[in-house]
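K.L.:
structure, please.
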Amino acid sequence: MRLAGAFDLTDCGYLVGYWHDIGKTHPEFQKYLVECEQIGGVERRPGSVGPPHSPAGAVRARALAPLSMVIASHHSGLPSKESFRQKLHEYQSRGEVKRALELAGRIEPPDIRELVERAKEELQSVCSDPSSTELAIRLLFSALVDADRLDTESHRDPERPRLRAAGPTLEEMRGKLEAELKQKIESAPDTKVNRVRQEVLSACIEAAGEAPGVFRLTAPTGAGKTLSSIAFALRHALHHNLRRVVVAIPYTSIIDQTAQVYRDIFGTEAVLEHHSAMREYDPGSEQSTDEEWTEDRIKHELATENWDFPLIVTTTNQLFESLFSNRPSRLRKIHSLARSVIIIDEVQTLPIDLLQPTLEAIRLLVSLCGSTVVLCTATQPAVEGCIYLHGLEGVRDIIHDARVHFDALRRVDYTWPEGKMSWPQVAEMVKAHAQVLAVVNTRSDSLNLLKAIDEEGTLLLSAALCGAHRREVLSRIRQALDEGRPCRVVSTQVVEAGVDLDFPVVMRAVGPLDRIVQVAGRCNREGKLESGEMIVFEPEEGHQPPGAYRSATDQARSLIAEGRIDPYDLHTFDRYFSLLYSVVDTDRFHVEERREHMDYPEVAKRYRFIRDETTAIVVAGWQPRIVEPILSRIKQRLRQGIGPSRDDYRKLQPYTVNLYQRQYRDCADWIDESIPGVAIWRGPYDPVCGLVTDFTRTEDNLW
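P.N.:
Residues are numbered from 1 along each chain as shown. Below is the predicted model of the structure:
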């Protein structure tokens, strides 16, 4: 009831909580409980959940169809509306269901009819259309699953609720942030960039008192959006009695550094980092050992289940795929999004072919859940007023005239392509500069350009490098730039957002316009030069990722040919994104259609950020002195009948590279699968290029 109150379905929450277990009144279930008690509790009967008990509650709630569906599926996952109706019809004819309902009816509270009527009124108020009804069912499902599991948890382990104790208050966090910002402002030199950062921060603080809704934070790259947006979020949450702040970031490659910035300010007890690279705590698993899990770590791991934490840092993928999931474990946390401030960083990276259902989710988070959503980027997509998109309405700009800041930070002069260039020609242009970053569209293009440069000391950044390798390369780059030494870097798209680099010259192969401008944020970032140089080039033999990326590149190429691009004019992006939405299906997989039919399994199947499955491969050849002892320890545990520990998984994570299934199959003879669930790369790993799957089988060719 308390959890459902956050989205104005309090009485509905009470009824699903009350009715979901009435099937346990049946004598067979009571007999099961007695048997469990005799052997020391349910946990002593692994895999046993007793006779089915959900059907009785589902039938009792049939007059309130959304509640009935939630009760029927709270263990198995949300079904399709059609399959649920068939199940409900079957349940009504069962003798054990009729018996359970008869017994449960004897103990129902006297005001049950009044509760039902109030619940109907709540549903009529909240469920104004199929889209809001579909999400309301998800939210009720989430609240029931979380409450049910918390109740079971406290029964089986009375100590566990203490480990879920909340972190610092939002008021305490605001105090820490303001102290940090005051120190930064006082110590920062009086530069044009720092003046813009202070103005952006002031605008965020001033806007925090406005009513909840959808906000845009549009500011140039390097204008301090990370801290300014969290300053807005904390003040706004306190002003409107909102419960928490959720920060969604597009790439796992940059989420660690953002989370660390927050931990440095607020402390580890305030920040929950949750993404695919973070393995969950399983207290019942033999893989968990006391020495590996401090109390603080257990608190954080338990909080990943339901996001009951003051500040959550997650991926955009985790946030939205959870919202569109149908599985209890993923949906369990989404009720925590109600009455929260949700910051979507680099919002232009939302998948274009899922943009329509994603915007609908944002709309409902605001209208149904009372949340505030902040869209952050230097290159805002046209999500309002575009005729090709059912977009958002009433979006408010935190910075009322962002053009002033873009004009003030014209740190880069752009050169646009006049013809196509071969890789050797691009390489000569790279070698003409002592410090230069060259960004291309694909891994194969990065290898082609690196090979054409053919100069020792040239560095590469791509997803073919494991995380620890990329961090080492970034450290070398920053040190060379700080010391003024030559530094030539070839990169894929991994540097386009959230990576703090400051080159005097940046080159970028023609690609989506927002990507071009984002990578320009790595040029003269701190404004130390009068102007940096941004060179856009068209490679003769360049490749493009398929789908929306290629369509976006075509639109950028068209605008470049017209000669009408001004990256500092925000109207440029309105025009660019509108053109893009006119040629790309923003609901390519018909997610909204399946949502209207309440086909939850199919929605979950269709709404996926990454459609090609990948497998994380542990690179044994990079820093083997670290990796091999971990692998040896895992093997030793296996010989003792114990699985890999969670700590081992965490330590291996920085040494992994993701391979698509086709690549995995093609390279199977180089992959060691001797450890169940851990794939180990035993093939070549180049100290510059990383793991490249099209290696030839010769020792002298590692391209």
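K.L.:
and I630, what element?
P.N.:
Using DSSP states H and E, I630 sits in helix 624-639.
K.L.:
who touches that helix?
P.N.:
618-620, 643-645, 648, 651-652, 655, 674-676, 678, 680 (Cβ atoms under 8 Å, 6 or more residues apart in numbering). Where you see a C-beta, it was placed from the backbone N, CA and C, and this is true even at glycine.
K.L.:
tell me the buried residues in that helix?
P.N.:
Going by neighbour count (16 or more other Cβ atoms under 10 Å), the buried part of helix 624-639 is 627, 630-631, 634, 637.
K.L.:
circling back to that earlier point, just the buried residues of the contacts of helix 624-639.
P.N.:
618-620, 643-645, 648, 652, 655, 675, 678, 680.
K.L.:
quick check, nearest of those to L319?
P.N.:
Nearest to L319 out of those is L652 (Cβ to Cβ; 25.4 Å).
K.L.:
hmm, that closest one is touching V678, no?
P.N.:
Yes. Under the criterion of Cβ atoms under 8 Å, L652 makes contact with V678 at 7.3 Å.
K.L.:
which of the contacts of helix 624-639 fall within strands?
P.N.:
Per DSSP state E, strands hold the following members of the contacts of helix 624-639: 618-619, 674-675, 678, 680.
K.L.:
in these, find the pair that's most separated.
P.N.:
Comparing every pair within those by Cβ to Cβ identifies V619 and S674 as the most remote, at 15.7 Å.
K.L.:
before we move on, the earlier item: between the ones in strands among the contacts of helix 624-639, which is closest to H53?
P.N.:
Nearest member of these to H53, counting by Cβ to Cβ, is V678, at 38.3 Å.
K.L.:
ok, back up a step: adding pLDDT, write the buried residues of helix 624-639 out as TSV.
P.N.:
Output for those, formatted as TSV (pLDDT from 0 to 100):
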residue	pLDDT
V627	94
I630	93
L631	93
I634	91
R637	88
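K.L.:
got the residues you listed as JSON lines, with distance to A427 columns?
P.N.:
Below are these laid out as JSON lines (distance: Cβ to Cβ, whole Å):
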{"residue": "V627", "distance to A427": "34"}
{"residue": "I630", "distance to A427": "39"}
{"residue": "L631", "distance to A427": "39"}
{"residue": "I634", "distance to A427": "43"}
{"residue": "R637", "distance to A427": "49"}
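K.L.:
now do the closest residue to D587 other than its chain neighbours against E178, distance only.
P.N.:
Nearest residue to D587 in three dimensions, chain neighbours excluded: Q356, at 3.9 Å (Cβ to Cβ, 6 or more residues apart in numbering). Using Cβ to Cβ, to the nearest Å, one gets 39 Å for the distance from Q356 to E178.
K.L.:
look at these two and report which has more neighbours.
P.N.:
Taking neighbours as other Cβ atoms under 10 Å, Q356 and E178 compare with Q356 leading, 20 against 14.
K.L.:
would you mark the buried spots in the helix or strand hosting that one?
P.N.:
According to DSSP H and E, Q356 maps onto helix 355-367. Buried residues in helix 355-367, counted by 16+ other Cβ under 10 Å: 355-367.
K.L.:
can you list these in CSV and add distance to R557 and pLDDT?
P.N.:
CSV is the format used below for these (distance: Cβ to Cβ, whole Å; pLDDT from 0 to 100):
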residue, distance to R557, pLDDT
L355, 21, 97
Q356, 25, 97
P357, 28, 97
T358, 26, 98
L359, 26, 97
E360, 31, 97
A361, 32, 97
I362, 30, 97
R363, 32, 97
L364, 36, 97
L365, 35, 97
V366, 36, 97
S367, 38, 96
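K.L.:
which one among those gets closest to I342?
P.N.:
Using Cβ to Cβ, L365 comes nearest to I342 of the buried residues of helix 355-367, at 6.5 Å.
K.L.:
the closest one contacts S336, correct?
P.N.:
No. In this structure, L365 is not within contact of S336 by Cβ under 8 Å, at 11.6 Å.
K.L.:
flag every buried residue along stretch 254-267.
P.N.:
So, applying 16+ other Cβ under 10 Å, buried residues of stretch 254-267: 254-256, 258-259, 261-263, 265-266.
K.L.:
pLDDT on it, on average?
P.N.:
Mean per-residue pLDDT for stretch 254-267: 88.
K.L.:
again, but for stretch 435-448
P.N.:
Averaged across stretch 435-448, pLDDT comes to 95.
K.L.:
residues in contact with the residue nearest to the spatial centre of the chain?
P.N.:
Geometric centre of the chain, nearest residue: T315, 1.8 Å, by Cα atoms, centre = their mean. Applying Cβ under 8 Å, 6+ apart to T315 gives the contacts 248-252, 255, 275-276.
K.L.:
how far away is it from H571?
P.N.:
In this view, T315 and H571 are 31 Å apart by Cβ to Cβ.
K.L.:
and if you look at A520?
P.N.:
18 Å.
K.L.:
so for the two, which residue has more residues nearby?
P.N.:
Using other Cβ under 10 Å as the criterion, A520 and H571 rank with A520 on top: 24 against 9.
K.L.:
all good on my end, thank you.
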